[in-house]
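Enquirer: Below are the sequence and a predicted model; questions follow.
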Amino acid sequence: YLLVIDGRFVPDPANPLRAAGPFGDKSVVEWPEYRPPSWLDTIADHGPVEELEVRCRRLVARVRVLLYATPEPPANDAPLIVAHDGPEYAQYAGLTRFLDAMSWEERIPPLRAALIQPVDRNETYSASARYARALSQELIPRLEEALPTDGTRPVLMGASLGGLAALHAHWQYGVAGGLFL
């Protein structure tokens, strides 16, 4: 949470607990019953991450994508998650670490994830027709080329505007096999 002090949003100066995020630190309240998720302390190996740059004509940009795979190498046709704000999900929410742990515990199959870094986030993720077309006709085909699947569509993932962009692109072009919003 943030407080408004002198017209500015700031963390609570009386509360030392903080959570980092892409838009700055926020104050945190932890109830006495709170326990951190056990997967945060996983002994699972870290899955490999590679960087891919996708030339996207429709966005007039080069889109940075981190390609992740679970530690146990997935098959060439393993499921694919495409995450909007992906690098931020990895850094601030521990997405890749969570996938490492869940795969190691055999709660999910070995899989791959394409973590898309936004290009002008507010513009492209705000139900933009141009972005939906770019995602369906350029980004996803390029990602499926780099990370082949068995023909099943990827699961699109996003929160807030990233979730809106995933829903909008799927609604317009049917690009997803599933949505995690």
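Expert: Perfect, I can see it now. From a predicted model like this one, the values you see are computed outputs, not experimental measurements. Residues are numbered from 1 along each chain as shown.

Enquirer: only C-alpha atoms for contact and neighbour calcs from this point on.
Expert: Noted.

Enquirer: What segments of this protein are strands?
Expert: For the chain, the strands defined by DSSP state E occupy 3-5, 8-10, 18-19, 26-27, 49-56, 61-69, 80-84, 112-116, 155-157, 178-180.

Enquirer: how about CSV for these, with mean pLDDT added?
Expert: As requested, the strands of the chain are exported to CSV (pLDDT from 0 to 100):
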stretch, mean pLDDT
strand 3-5, 96
strand 8-10, 96
strand 18-19, 96
strand 26-27, 97
strand 49-56, 96
strand 61-69, 97
strand 80-84, 97
strand 112-116, 97
strand 155-157, 97
strand 178-180, 96
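
Enquirer: how about a markdown table for the ones you listed, with mean neighbour count and distance to residue 127 added?
Expert: What follows is those, written out as a markdown table (neighbours: other CA atoms under 10 Å; distance: least, CA to CA, whole Å):
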| stretch | mean neighbour count | distance to residue 127 |
| --- | --- | --- |
| strand 3-5 | 12 | 30 |
| strand 8-10 | 12 | 27 |
| strand 18-19 | 14 | 28 |
| strand 26-27 | 18 | 27 |
| strand 49-56 | 15 | 18 |
| strand 61-69 | 19 | 18 |
| strand 80-84 | 26 | 13 |
| strand 112-116 | 27 | 16 |
| strand 155-157 | 23 | 14 |
| strand 178-180 | 16 | 15 |
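
Enquirer: between those, which gets nearest to residue 38?
Expert: Counting by CA to CA, residue 38 lies closest to strand 18-19 out of the strands of the chain; the figure is 18.0 Å.

Enquirer: what comes into contact with that closest one?
Expert: When contacts are defined by CA atoms under 8 Å, 6 or more residues apart in numbering, strand 18-19 is touched by residues 11, 25, 26, 27, 28.

Enquirer: chain center to that strand: distance?
Expert: 20 Å (CA atoms, centre = their mean, to the nearest Å).

Enquirer: The strands of the chain: which one's closest to residue 139?
Expert: Nearest to residue 139, of those and by CA to CA, is strand 49-56 at 7.0 Å.
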